[in-house]
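Participant: Starting from these lines, generate the structure:
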Amino acid sequence: MNKTINLFPISIHQIDVDGFDEVKNNLINYIYNLKNNDPTGLEKSNCGGWHSSLFELDRNNLLQKFLLKCLNNLPIHQAYSVDGDYWVNINPPKSFNVKHSHPATDLAGVLWIKCPNNSGNILFENPYIFEDFNSINAYTDKFKYMNKQYHSFDFEPVEGRILIFPAHLLHEVKENKSREDRISVSFNLKISENKEYKKLIETSKNYFKTEVIA
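Facilitator: Residues are numbered from 1 along each chain as shown. Prediction:
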């Protein structure tokens with residue numbers, strides 16, 4: 001019997017959070033207000049689009065509340081804590097984001113707020129494209145499909161959906177070929193030891209040791 005074992009896979013988390021339609025218009029208005037207050041924005045990977053300043057994940061506003069609601073679905077063990085920052089992207093027609101990664105962090109992600117048809121897929125490059133170029137070419141289409149063995153792979157944006165991926169993974173956003181703005185929220189996540197959890201575990205261990213001795 002033949003079988004394929006996918007060892008050391010690259011995990012991309014796709015999360016759909018309930019209740020997006022209820023807050024969509026409010027989120028869009030909030031984001032446009034951000035742009036009105038800072039029309040210049042920053043120049044990063046964006047070509048023709050607007051990139052907001054960075055915001056820490058410690059603000060009590062509509063956008064952050066929804067983002068944190070999404071991140072609650074991330075399968076991170078309670079022994080670890082997650083912190084980071086986020087920013088807003090508004091890509092008008094014909095704008096795009098060049099290929100890039102997110103250094104000095106662990107995970108990166110995107111939350112799609114407004115995505116008309118043909119407004120630009122996000123494309124990920126296989127980190128082993130150089131080493132595995134020929135072998136990937138040689139696989140059958142069925143094998144490629146079943147095992148996601150491609151030189152690159154793209155996701156169509158879906159409003160209210162979030163993707164979280166390793167920050168080192170090279171990615172780009174294709175040109176917005178629609179007639180409307182494409183709005184998304186990008187973020188970086190830093191994973192660290194949860195000191196409160198560690199303290200709780202140590203306290204529990206000491207308690208049981210005391211009980212046994214007694």
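
Participant: Which stretches in the protein count as helices?
Facilitator: Under the criterion DSSP state H, helices of the chain are mapped to 20-37, 62-71, 133-138, 141-147, 195-213.

Participant: Packed most tightly, which of the ones you listed would that be?
Facilitator: Highest mean neighbour count of the helices of the chain: helix 62-71, a mean of 18 (counted as mean count of other Cβ atoms under 10 Å). For glycine as for every other residue, the C-beta is placed from the backbone atoms N, C-alpha and C.

Participant: Which elements pack onto that one?
Facilitator: helix 20-37, strand 80-91, strand 107-114, strand 182-193 (3 or more Cβ pairs under 8 Å, 6 or more residues apart in numbering; DSSP states H and E).

Participant: what comes into contact with it?
Facilitator: 15, 17, 19-20, 23, 26-27, 30-31, 55, 57, 82, 86, 88, 111, 162, 185, 187, 189 (Cβ atoms under 8 Å, 6 or more residues apart in numbering).

Participant: what do you get if the cut-off is 7 Å, keeping everything else the same?
Facilitator: Residues from elsewhere that reach helix 62-71, judged by Cβ atoms under 7 Å, 6 or more residues apart in numbering: 15, 17, 23, 26-27, 30, 57, 82, 86, 111, 162, 185, 187.

Participant: ok, now stretch 31-51?
Facilitator: Residues from elsewhere that reach stretch 31-51 (Cβ under 7 Å, 6+ apart): 52-53, 87-92, 94-98, 100, 113, 183.
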